[in-house]
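Chemist: What follows is a predicted structure for the sequence shown.
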Amino acid sequence: MGYPHPTHPKETPVLSRHFGDSDARSFDGWKRRGGYASLEKALGMSREQVTEEVKTSGLRGRGGAGFPCGLKWTFMPKQRTQPHYLCVNADESEPGTFKDREIMRWTPHAVIEGAAIAAYAIQAEQTYVYIRGEFTEAIAIMQQALDEAYIKGVLGINAMGKGVRIDMTIHRGAGAYICGEETALMNSIEGKRGNPRIRPPFPAASGLFGCPTTINNVETLAAVPPIIEQGGAWYRAICLSNPNSTGTKLFSVCGTVRSPGTYEVAMGFPLKDLVHDLAGGMRPGRRLKAVIPGGSSVPILTADEAEATLLDYEGCVARGTMLGSGGVIVMDDSVDMVYQIMRLARFYAHESCAQCTQCREGTAWTTKILQRILHGQGKLEDLDLLLDLSEQMTGTTICVLSDSCAAPVVSGIRKFRDEFEAYIDSGRAVAQV
Amino acid sequence: MSQTTGAGAVAGAESLPPVFDEAGRRELDAVVARYPTKAAALLPALWMVQRKHGWVSPQGMAEVAEALALTPAYVKGVVTFYSMYHQHPVGTHFVQLCTTTPCNVCGAEKVAEAFLRATGAKRLGETSPDGAWTVVEVECLGACGFATPVLLDDDFIESVTPESVPAIVARYR
């Protein structure tokens, strides 16, 4: 259901079925709703069968990259010669994204169950659930659910009485966007600064503590129990457009819409319907101006582009953007694009880990140049300078934080150039920068 | 503590009680047992320090360093990376509010101003003269559909508006 709103007829609730229902949080409540039947079923299957079912489903990573989940699991060594680890990426920090928070605070056992199935499939001896430090409520709910799962024998040395050891630990972050990047996340668990690592080696070869590691997003793992329960073919059949994008996806819609919230729809759902129908459309007297469909790191769409976009991995690429995390930021005609793009650049400048020169300097200077324009002191050449800077920030660094800063800047200047030029031509300054 | 490595020379630091006393040590040992290395308990250990002292002082860092067989310099390097560890004492109540784009377009900056007015803190990042309130703006709290989200101490408060701020502040006063 579209928490905090009732389920819309156009939604396809799978992961969100129990959002808003606090009884589903407890172990008993989860069991009553059919919980942990999938884990029991999975532990009765071979590891290969479990992985195969997930491959069949077509489930792709819901954190942003969209990498096929089952395929990722097959990268782990078949023979365990050293410890294997599973990391659950619950560092949800991408502006516009708040779906994992809903999954964790309403259905913590779905995360634990999905993670336990994954841990079994990849032979993980320990699973670390890395939750961003600010999620105090989600951390408390997840910890309570985890404690219950141990007490009830779902986890531990003899998980579900099936003779398999599954261990899980919550690791609290401490305020760093970059720790959502998978190699930075591993460094953070190891007690280091959250600097991303150069790849290769990839995590499946040498990840956490130098051991084979898989990192999966919360939403990805929460989709695993329904897949095991109802079969990969069932999940694969949930598809409105491209057959390479299957299943349901949670979209967290925010910004200037009447009913912001998290909505679950089938892959390929029209962005137009999500914004104007499910999320209630614009406030009275306002028109849609722009949409950032996949969290702040993806290129901005104009209203026309947005209204022609289908929400799946391919549909977003076809419109020059990305599905990303499914964080949909909606902006109406009251929004000052230059100011908000500066705010995004400032976000990336603040969150840069500062390892790579292009990112450390690029995000900071992008912000300063945008602030100069907002102070009424911009020059027309500044726009070319920003585009040039953004080009040098794309594809040149260890991780994609710097690319993420460039995306809204480049698309913003290309699509809303008149707003930038208006500041430059008039010398007008905004009150607060 | 046998060794403070010079870090204890900060004024007032000697008055802080040790974090890893018998109970603290037990708690830390239980954390360390969940990881293959001691160093991996660093973030949890720093959270323990902040819970006890309200901030992560040089003395706290030195204590953590000793407990986990790290150098104080290494610990400081990690502390300074993460924005949630306070490197200075903060007000009795610590208010973090999001002003990044999704909340910003919904009026988050007006909420920030309302918090400054209601708490008496002069500007963002500063503590109010009575020492009770520190208000900071943060980059995205991951609750963008509930603009403006505020993390007040450990309480996550959704959909805060300039109008609702005075009552929230009164509740914690």
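Modeler: It's in.
Chemist: Just give me the neighbour total for residue A:319.
Modeler: For residue A:319, the number of neighbouring residues by other CB atoms under 10 Å in any protein chain shown comes to 18. (C-beta placed from N, C-alpha, C; glycine too.)
Chemist: Check residue A:10 too.
Modeler: Neighbourhood size, residue A:10 [other CB under 10 Å]: 15.
Chemist: quick one, what contacts it?
Modeler: Neighbouring residues of residue A:10 by CB atoms under 8 Å, 6 or more residues apart in numbering or on different chains: A:265, A:269, A:273, A:277, A:278.
Chemist: With neighbour count added, can I get those in a markdown table?
Modeler: Output for these, formatted as a markdown table (neighbours: other CB atoms under 10 Å in any protein chain shown):
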| residue | neighbour count |
| --- | --- |
| A:265 | 25 |
| A:269 | 25 |
| A:273 | 16 |
| A:277 | 15 |
| A:278 | 24 |
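Chemist: So which of those residues sit within strands?
Modeler: Among the contacts of residue A:10, the members falling in strands (DSSP state E) are A:265, A:269.
Chemist: Reformat the contacts of residue A:10 into TSV and put distance to chain B and pLDDT next to each item.
Modeler: Formatted as TSV, the contacts of residue A:10 follow (distance: CB to the nearest CB, whole Å; pLDDT from 0 to 100):
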residue	distance to chain B	pLDDT
A:265	16	98
A:269	18	98
A:273	18	98
A:277	16	97
A:278	12	97
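Chemist: List just the nearest of the contacts of residue A:10 to residue A:53.
Modeler: Using CB to CB, residue A:265 comes nearest to residue A:53 of the contacts of residue A:10, at 23.1 Å.
Chemist: what's the distance between that closest one and residue A:20?
Modeler: 17 Å (CB to CB, to the nearest Å).
Chemist: I'd like to know how many residues surround residue B:99.
Modeler: Residues lying near residue B:99 (other CB under 10 Å) number 21.
Chemist: for it, what are its contacts?
Modeler: If you count contacts by CB under 8 Å, 6+ apart, residue B:99 has them with A:343, B:108, B:109, B:112, B:137, B:138, B:148.
Chemist: for chain B, what are the nearby residues on the stretch 201-350 of chain A?
Modeler: A:209, A:252-256, A:260-262, A:296, A:327, A:329, A:331, A:334-335, A:340, A:343-344, A:346-347, A:350 (CB under 8 Å from any CB of the partner chain).
Chemist: Return the members of these classed as buried.
Modeler: In these, burial by neighbour count holds for A:209, A:252-256, A:260-262, A:296, A:327, A:329, A:331, A:335, A:340, A:343-344, A:346-347, A:350, counting by 16 or more other CB atoms under 10 Å in any protein chain shown.
Chemist: Strands of chain B, residue ranges please.
Modeler: With DSSP E as the criterion, chain B has strands spanning B:93-98, B:133-138, B:150-152, B:155-157.
Chemist: Now render those as JSON lines, adding mean pLDDT.
Modeler: Output for the strands of chain B, formatted as JSON lines (pLDDT from 0 to 100):
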{"stretch": "strand B:93-98", "mean pLDDT": "97"}
{"stretch": "strand B:133-138", "mean pLDDT": "96"}
{"stretch": "strand B:150-152", "mean pLDDT": "97"}
{"stretch": "strand B:155-157", "mean pLDDT": "96"}
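Chemist: Let me have those in a markdown table, extended by mean neighbour count.
Modeler: Listed next are the strands of chain B as a markdown table, based on neighbours: other CB under 10 Å:
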| stretch | mean neighbour count |
| --- | --- |
| strand B:93-98 | 23 |
| strand B:133-138 | 22 |
| strand B:150-152 | 23 |
| strand B:155-157 | 17 |
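Chemist: May I see these arranged in CSV, with distance to residue A:135 as well?
Modeler: Listed next are the strands of chain B as CSV, based on distance: least, CB to CB, whole Å:
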stretch, distance to residue A:135
strand B:93-98, 12
strand B:133-138, 13
strand B:150-152, 9
strand B:155-157, 8
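Chemist: Excluding chain neighbours, give the residue nearest to residue A:430 in space.
Modeler: What sits nearest to residue A:430 in space, not counting adjacent residues and going by CB to CB, 6 or more residues apart in numbering or on different chains, is residue A:374, at 5.1 Å.
Chemist: give me every residue that touches the one you found.
Modeler: Residue A:374 makes contact with A:338, A:339, A:342, A:423, A:429, A:430, A:433 under the criterion CB under 8 Å, 6+ apart.
Chemist: pLDDT weak spots in chain A?
Modeler: Scanning chain A for pLDDT under 70 picks out A:1-2, A:431-433.
Chemist: Please repeat the previous calculation with a cut-off of 90.
Modeler: A:1-3, A:427-433 (pLDDT under 90).
Chemist: all strands for it, in order.
Modeler: A:84-90, A:124-131, A:156-159, A:164-166, A:168-172, A:213-217, A:248-255, A:261-266, A:269-270, A:288-292, A:301-302, A:310-311, A:327-332.
Chemist: Ok, which of those strands comes nearest residue A:369?
Modeler: Using CB to CB as the measure, strand A:288-292 is the one of those that comes nearest residue A:369, at 20.6 Å.
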